[in-house]
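Enquirer: Need coordinates for the below:
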Amino acid sequence: MMCRFACAVIGMLICAGLACGGSSTKDLAADTGVEVPTGDLGASDTDVTEGKDDSPLPDVVPDVSDVPNLLDIPNDLAVGDQGVDAPTTFPGWDLASRWKPASAPACTKPHNPTAKTLKQKAEYYDWIGGKVHLVPASVRPFSLVHDVTLEAAVPTGIVPDDQIPNVALYQYGENHGLWSSLFVASQAFRYAVTKDPVALDTLKRSFTGLYHAMQITGVQGLFAREYRDNSIPGDACPPDGEEYAKPIDRVGNRWVKLDAQACSWYWDPAAGGGSGAMVKDDPAHCVDLAYANMCWQRNCSKDESSGHNFAAAIIFSIVDDAELKAMAAEVLGALATHLVNNAYHLIDFDGMPTRYGSYYALSLDEFPGFNALHALAATRSGLTATQDPKLREAMFNCLLQMNGELQCINQPTEFEAPADYRTYIAENLGLTLGCQLNNYDNVNMVLLNYVILMFAEGDPALRANYRAAFLKNTRGPDATGQDLWAEQNPHWNFLLAAMLEAGDTGTFGKLIDETRAASLIDDGLCTLKAYPETNILVARDTTDHPETCTSDRHGSLTDQPIPIEERCASLFPWWGSPYSRGGCGADPTQAMIPSGYLLPYWAGRFFGFVGANE
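Expert: Below you'll find the model as predicted:
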């Protein structure tokens, strides 16, 4: 099994050195020269795919030769078992079995707590999230969640509606769907805890905004990175025609312009006598007229789709509103079906693979375990939400190979050597690579997909497999002293602890015991207490922390996590490296999305880690 992983790593290095190009799923299938059995996963239909971030693969891959295949844990469905019958119904995890700390969590070592309590900060952030960071319901009943620039200073406390300045700009970026998803998840936890009708309204408006990010593409399971609406002040489409040019080799996240019939147009530099002009797609690609004269950003990546999947999975699992639950099930099923129909790669609306949309383990653009976890999470959550027999086959007979070796994913690197995807996630997720190579985008994508998979998996033995792989692959410190478990990150700490089950601190004692699990919660509480009272841009400078290494991805780094109260305001501070040094200026008219506080706070409330009046 380690040979398969080593060969995959070598392939990653060869591909990086030769600048391997992408091709469509249909082309890849043709290259294999094999026929996929009818009903298996290789058959591609009219569905579409894409995804991730523009960082190169590392020049040096760390030595993973001593990583065991599996931890020595009880497992009724151990890797390699043959002829195992999959269940006929597929419930998710009954959260009643999860681990709970023996005593009430408490911040025992506070550092610079704010004057406001945790509850008071949540009240402000929930208020401004619904009132300022969403397009008003009177303008449009759904919205993505935006960083904003107002015409005057952002309120630092809750004020009447007529005292909120107008929005000058709803800011946008290429991962807008991801950042919106994290806010949506926070509101799902909030509503599950409080049953507050205001929380439900905010949740519906923001999750419906995410839902429209799929519908505007015209392809089920494919999400727009962002969409804009020229009819809304502050939400205009990019004015530069070249932003709408077709991507070359899938590089760059280009925009798609929709006309009055909601049909797509693109920028052709050769049109207009050589000066460039907008040209209608031929054949025409038209979507619902509700999106007429809007625009959307293409080239969906794994981080984008992971965010959508996370928000939908949380809603499906814990929210009791029938309308939201049905919408979440549709999203979960659409993504899973899209991947199964397209050999586990996201396909764009033009039939081409997106740049960072590979979900199959041996795509050679990521560690096999990293992609395998994404595939397992998307497939299992879609199965749990829809009970679709096609997804049952994909999950149990293809990804988990429960009935013997089956050639099922029609990709040239995998078709001839199918494997149980648990072997890949147990070997290496590629998260503890050292100061220079650690990638916190990947760290967070793994966390989201781990939670998606755990919420969706009803079998305790399979959850034990997944939990073992996650704990082993994230426990530090790494060779340079960085430790994901020691960064006092409430988002990470709370979700890690929440995915433990009763008895785990005994089963996994060599990785996590009762004391360590409780300390993760306590550390997260201390950070939330120090979290700033607003997310308005203020001047910060953390260059007084000594530089200990530099990272191509995260820049100049220090050797200890920088306290949250010293960092620049961010739309989700837990997504970046906590060791990053730098600075930022002040702008009282700009505020960032408040998910960085709200998601860990309301998840902590839901799981019993944060007190109601704390």
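Enquirer: so for the helix or strand where residue 492 lies, what's the average pLDDT?
Expert: If you go by DSSP states H and E, residue 492 is part of helix 490-498. Average pLDDT, helix 490-498: 98.
Enquirer: Now tell me what touches it from outside.
Expert: The contact list for helix 490-498, computed with CB atoms under 8 Å, 6 or more residues apart in numbering, reads 98-99, 101, 447, 451, 470, 474, 484-485, 517, 520-521, 523-525, 527-528, 574, 596, 599-601, 603-604, 607, 609. Heads up, the C-betas are built off the backbone N, CA and C, glycines and all.
Enquirer: Please repeat the previous calculation with a cut-off of 7 Å.
Expert: 98, 447, 451, 484, 517, 520-521, 523-524, 527-528, 574, 599-600, 603-604, 607, 609 (CB atoms under 7 Å, 6 or more residues apart in numbering).
Enquirer: Over to stretch 467-476?
Expert: 70-71, 73, 425-426, 428-429, 431-432, 450, 482-486, 499, 504, 508, 511-512.
Enquirer: So what's the gap between it and the chain middle?
Expert: In this view, stretch 467-476 has its centroid 19 Å away from the chain centroid, taken as CA atoms, centre = their mean, to the nearest Å.
Enquirer: ok, now stretch 607-614?
Expert: That offset, for stretch 607-614, works out to 25 Å (CA atoms, centre = their mean).
Enquirer: for that stretch, how far is the first residue from the last?
Expert: 15 Å (CA to CA, to the nearest Å).
Enquirer: swap in stretch 228-243?
Expert: 13 Å.
Enquirer: which residues of the stretch 451-600 of the chain fall in helices?
Expert: According to DSSP state H, counting those that start in this stretch, the stretch 451-600 of the chain carries its helices in the segments 460-474, 490-498, 504-507, 514-530, 595-607.
Enquirer: Among those helices, which comes closest to residue 133?
Expert: Among the helices of the stretch 451-600 of the chain, helix 595-607 comes nearest to residue 133, with 9.3 Å by CB to CB.
Enquirer: Counting by contacts, list what the closest one packs against.
Expert: In this structure, helix 595-607 packs against helix 118-131, helix 176-194, helix 490-498, helix 514-530, with contacts taken as 3 or more CB pairs under 7 Å, 6 or more residues apart in numbering; DSSP states H and E.
Enquirer: count of neighbours near residue 265?
Expert: Using other CB atoms under 10 Å, residue 265 is surrounded by 19 other residues.
Enquirer: Can you list the low-confidence ranges for the stretch 201-350 of the chain?
Expert: The model of the stretch 201-350 of the chain has no residue with pLDDT under 70.
Enquirer: ranges for the strands of it?
Expert: Per DSSP state E, counting those that start in this stretch, the stretch 201-350 of the chain carries strands over the ranges 226-229, 255-258, 264-268, 277-280, 294-297, 345-347.
Enquirer: same for the longest one, what does it pack against?
Expert: In this structure, strand 264-268 packs against strand 255-258, strand 277-280, with contacts taken as 3+ CB pairs under 7 Å, 6+ apart.
Enquirer: residues in contact with it?
Expert: Counting by CB under 7 Å, 6+ apart, 241-242, 244-246, 256-259, 276-281, 285 sit against strand 264-268.
Enquirer: That strand: how far from the chain's middle?
Expert: In terms of CA atoms, centre = their mean, the centre of strand 264-268 is set 29 Å apart from its chain centre.
Enquirer: Repeat that for the first one.
Expert: On the basis of CA atoms, centre = their mean, the separation between the geometric centre of strand 226-229 and that of its chain is 20 Å.
Enquirer: wait, doesn't residue 143 sit right on residue 203?
Expert: No: assessed by CB atoms under 7 Å, residue 143 is found out of contact with residue 203, at 12.0 Å.
Enquirer: Buried ones in stretch 406-417, by neighbour count?
Expert: Neighbour counts using 16 or more other CB atoms under 10 Å place 406-411, 413-415 of stretch 406-417 among the buried residues.
Enquirer: Show the end-to-end separation of it, please.
Expert: 9 Å.
Enquirer: are any of the contacts of stretch 467-476 buried, and which?
Expert: The buried subset of the contacts of stretch 467-476 - by 16+ other CB under 10 Å - is 70-71, 425-426, 428-429, 431-432, 450, 482, 484-486, 499, 504, 508, 511-512.
Enquirer: what about the residue nearest to residue 245 when sequence neighbours are not counted, distance to residue 236?
Expert: For residue 245, the nearest residue in space outside its immediate sequence neighbours is residue 267; the separation is 4.4 Å by CB to CB, 6 or more residues apart in numbering. Distance check for residue 267 against residue 236: by CB to CB, to the nearest Å, it reads 17 Å.
Enquirer: Between its first and last residues, what's the separation in stretch 93-100?
Expert: 16 Å.
Enquirer: Any buried residues in it, and which?
Expert: Buried residues in stretch 93-100, defined by neighbour count with 16+ other CB under 10 Å: 93, 98-99.
Enquirer: so which of those residues comes closest to residue 456?
Expert: Relative to residue 456, the closest of these is residue 93; by CB to CB it sits at 7.3 Å.
Enquirer: Next, find the distance separating residue 503 from residue 518.
Expert: Here residue 503 is placed at a distance of 15 Å from residue 518 (CB to CB).
Enquirer: quick revisit: okay, the buried residues of stretch 93-100 in JSON lines with pLDDT and distance to residue 350 next?
Expert: Listed next are these as JSON lines, based on pLDDT from 0 to 100; distance: CB to CB, whole Å:
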{"residue": "93", "pLDDT": "96", "distance to residue 350": "38"}
{"residue": "98", "pLDDT": "92", "distance to residue 350": "44"}
{"residue": "99", "pLDDT": "92", "distance to residue 350": "47"}
